[in-house]
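1. turn this into a model:
(one chain, ligands or ions: 1)
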Amino acid sequence: MRIEILRVIPHHNSIVLKVTALHEGSYSVDVSKKFIPFDPLIDKVSDRPASLFIFIQPFLVKTKNDLILLDTGLGYNNLQGESVLHQNIKKAGYDPADITKVLMSHLHYDHSGGMVLDKDGKLEVSFVNADYYIQRGEWETAYSKNSSSYKTEIFDVLQRSGQIHFLDGDGKINDQISYEITGGHTQFHQVFLIEEDGEKVFFGADIVPEPEQLQRKFIAKYDIDGRKAMELRIKYGEMASENNWICLFYHAKAKSIAKVLKKNDAIFIKEFNG
Ligand SMILES: [Zn+2]
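-> Residues are numbered from 1 along each chain as shown. All right, here's what the predicted structure looks like:
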């Protein structure tokens, strides 16, 4: 009897790593810090005085071992009362229950609202099978600072779930996922690097929220330390181009998944597909 052994030879088609942007739409924000949906096809900029216009997209990263969600968006429901985030995850071909890790850059409402679901006014954990990774200092800031950017009723639900893993400082979650405190935007804001099969995915969250911000120097009012945030943007922009990172831009208007190329001191953003 002959036994045939099928050998799987790894080549680049076997790469599992897959990155998806979960577009939650565009919003206007005024001094009230409320995020009001803004549809450029219907709504007028002139009707939203003194407002900042932003896009929001959490990201999914599929690795061999995990389905990772990077930040969770506002967590708004659509008119049918369903979570837009959950629907986007299903559209991407996954189930919300498949998510194994939720990595949180910081806890401002536009990043943390989707950690929970609003079911007829009752809040529940959004991802029942996931571990949520949160920087401890950020969590403490959220409770101690009286700021409309933090909604502690969300965090109460999560705390009761027993699904939180607090991170202290810089480190690694496993062989593939590392995290680093940046400060700048909030004191304990953190960024993540996910590595698999030689590819590296960088999530700079609100330190590098839009790709265009790598192309010009500026200081943002919404950062607690605008100068530090600016310097960090330069640093991460350089690292991204030197190390060929796939960068995820949470507040990008376009090119939310992109590589950063440097030619003769000029920076180019090249959209990355799969
Ligand atoms: Zn943000």
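2. pick out the residue of the stretch 151-274 of the chain closest to the ion.
-> Asp206 (4.5 Å; CB to the ion). The way it works is simple: take the backbone N, C-alpha and C, and place the C-beta from them, glycine included.
3. what's the neighbour count on the residue nearest to that residue when sequence neighbours are not counted?
-> With CB to CB, 6 or more residues apart in numbering as the measure, His185 is the residue that lies nearest to Asp206, at 4.2 Å, once sequence neighbours are left out. In terms of burial, His185 registers 26 neighbours under the definition other CB atoms under 10 Å.
4. SS state for His185?
-> Here His185 is coil, with the state taken from DSSP: H, G, I helix; E, B strand; the rest coil.
5. ok, now Glu231?
-> Following three-state DSSP, we place Glu231 in the helix state.
6. the one 4 residues further on now?
-> Lys235 carries the three-state label helix when classified by three-state DSSP.
7. could you do the one 5 residues further on as well?
-> Secondary structure of Ala240, reduced to three states by three-state DSSP: helix.
8. I'd like the numbering to begin with 48 instead of 1 from here.
-> Sure, I'll start numbering at 48, so the last one becomes Ala287.
9. shouldn't it be in contact with Val248?
-> No. In terms of CB atoms under 8 Å, Ala287 does not count as a neighbour of Val248; the distance is 10.7 Å.
10. quick check: end-to-end length of stretch 239-254?
-> Chord length of stretch 239-254, first to last residue, is 11 Å (CA to CA, to the nearest Å).
11. buried residues in it, which are they?
-> Neighbour-count burial for stretch 239-254, with 16 or more other CB atoms under 10 Å as criterion, is recorded at 239-243, 247-254.
12. quick one: which two of the residues you listed are the most distant?
-> Across the buried residues of stretch 239-254, the two members that end up farthest from each other (CB to CB) are Glu243 and Asp253, 24.6 Å apart.
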